[in-house]
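[1] just the structure for this:
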Amino acid sequence: MKNQQEENLDIYQEKLILNQKLNLIRRKEFIAKFNAEENKKTLDKVFTDKQIKLLQNSSVTLVGDSVALGAKPRFEYLIGDAYVDCKVSRQFHTGVNIIENLYANGLLKDIVVIALGSNGPFTQNDMERIYACCKGKKLLFVNCVVPEAIEKSSNEKIQNFVKNNKDVYLVDWYAFAKNKPEIFYKDRTHPIPEGASMYADLIAKKIIELKK
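    Just a heads-up that it's a prediction; the model follows:
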C-alpha cells in the first residue's frame, strides 16, 4: 500500500503528464490557426474567388517525398477534399506501392498527384503501374529540382511519360523554381516555407487548368 508521499508523487506526475499533453494540443491549435491565417492572407493574391471555390470542390490524392511534405499544410488548406501522403526520403517505388494500395481499396480520388523522383532513380514500369491505377482520373507528375545528376534523368522520364500518355499532365516545378535559389534552403532541393507555398500553388494552378 502506498503512503501519502507516494500518492502525492503519483498525482504530481499525472498532472505533469496532463499539462504536457494540454500544452501540445494548445501548440498544435496555435500552429493550425497561424497557418490558416497566413494562408488566408496570401490566398487572395494568388487565386480569384472563383478559383478558390473550384479548388475547394476538388478531390485530390497527393503522394510525395519530403519536398511535397513541406507544401502539405498549404495544399490541404487549398483543396477541399485532399488525401496527402508524403514522407522524408521516400523512393519512387514506395510511392507506387502506396498508389496501388489506395487503388485496391477504392480510395484514389478524382485527381492523383505524384511528387516523387528527388531521392533516387525510377523506371518506366514504375510510372506505368501508377498509370494503370488511374484510368478515368487525371494524373499529375511534379518534376524535381535537385543539384545532382538525377534531376535531368528524372525530369526527362516524367516529360516523356506525360507526352506519350492520355490524361497525364506535368506540373513543371523545375521551370518555375530552378532559377530561384532564394526560395530554397542551402541544399537547393527543399523549399523554404514561402517556396513550399509556391509549390502547393503551382499544383493547384494545374488543377484549375484541368477543371476549366
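
[2] hey, let's count contacts and neighbours off CA atoms from now on
    Will do.

[3] hey, where'd the helices end up in this structure?
    4-46, 49-56, 66-78, 92-104, 124-133, 150-164, 173-177, 193-211 (DSSP state H).

[4] pick out the shakiest of these, pLDDT-wise.
    Lowest mean pLDDT of those: helix 4-46, a mean of 58.

[5] stretch 176-183: which residues count as buried?
    Across stretch 176-183, burial judged by 16 or more other CA atoms under 10 Å covers Ala177, Lys178, Ile183.

[6] apologies, that question was intended for stretch 55-73.
    Quick answer for stretch 55-73 (16+ other CA under 10 Å): 55-56, 58-73.

[7] pull that stretch out as CSV, backbone CA atoms only.
    Once non-C-alpha atoms are left out, stretch 55-73 reads as follows in CSV (Å, rounded to 0.1, in the frame of the first residue of the first chain):
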residue,chain,number,x,y,z
LEU,A,55,-10.2,24.1,-55.6
GLN,A,56,-12.5,23.7,-52.5
ASN,A,57,-14.7,21.5,-54.7
SER,A,58,-11.7,19.4,-55.9
SER,A,59,-10.9,15.8,-54.8
VAL,A,60,-7.2,15.1,-54.9
THR,A,61,-4.7,12.4,-53.8
LEU,A,62,-1.1,13.6,-53.4
VAL,A,63,1.7,11.1,-52.8
GLY,A,64,5.2,12.6,-52.4
ASP,A,65,8.5,12.9,-50.7
SER,A,66,9.9,15.5,-48.3
VAL,A,67,9.7,18.3,-50.9
ALA,A,68,6.0,17.9,-51.1
LEU,A,69,5.8,17.3,-47.3
GLY,A,70,6.7,21.0,-46.8
ALA,A,71,3.8,22.0,-49.0
LYS,A,72,1.3,19.8,-47.2
PRO,A,73,-0.3,22.4,-44.9
